[in-house]
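Chemist: Test case, fold it:
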Amino acid sequence: MYATVGDRLLMHGNAVGEPDRQGDIIEVRGAGGGPPFVVRFDDGHTGLVFPGPDTIVVPAQRNP
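Modeler: Model (predicted):
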């Protein structure tokens, strides 16, 4: 899994009743765009994320 600053991270809830979480990737700490990522979630919380199989990176819209 690779990302760049500005991409969105979508973490699906992995338990019944657990909501999905979304946020903006504000820092990529891994080599070559790999994890871990620092994410500012939509609820205002910022955290270091080591994404699992229930996580999707949504590329940011970039102007050519």
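
Chemist: Tell me the helix or strand right after the longest strand along the chain.
Modeler: If you go by DSSP state E, the chain has its longest strand at strand 21-28. Going down the chain from strand 21-28, the next helix or strand is strand 37-41, by DSSP states H and E.

Chemist: in its sheet, what does that next one sit against?
Modeler: Using DSSP bridges, strand 37-41 pairs in its sheet with strand 21-28 (antiparallel), strand 46-49 (antiparallel).

Chemist: Return the list of strands paired to the helix or strand just after the shortest one, each annotated with direction.
Modeler: Stepping forward along the backbone from strand 46-49, the first helix or strand reached (DSSP H and E) is strand 55-58. Strand 55-58 has its sheet partners listed here by DSSP bridges as strand 8-11 (antiparallel).

Chemist: Just the buried residues of the strand it pairs with, please?
Modeler: For strand 8-11, a neighbour-count test (16 or more other CB atoms under 10 Å) marks 8-9, 11 as buried. Quick note: C-beta positions are derived from backbone N, CA and C, even for glycine.

Chemist: Just send the strands paired with strand 37-41 back as a markdown table, with mean neighbour count, distance to Ala60 and mean pLDDT too.
Modeler: Output for the strands paired with strand 37-41, formatted as a markdown table (neighbours: other CB atoms under 10 Å; distance: least, CB to CB, whole Å; pLDDT from 0 to 100):
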| stretch | mean neighbour count | distance to Ala60 | mean pLDDT |
| --- | --- | --- | --- |
| strand 21-28 | 17 | 9 | 97 |
| strand 46-49 | 14 | 17 | 97 |
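
Chemist: Model confidence score at the residue positioned nearest the centre of the chain, please.
Modeler: In the chain, the centroid-proximal residue (CA atoms, centre = their mean) is Leu9; its distance is 2.7 Å. pLDDT recorded at Leu9 is 97.

Chemist: wait, isn't it in contact with Gly23?
Modeler: Yes. Counting by CB atoms under 8 Å, Gly23 is a contact partner of Leu9 at 5.4 Å.
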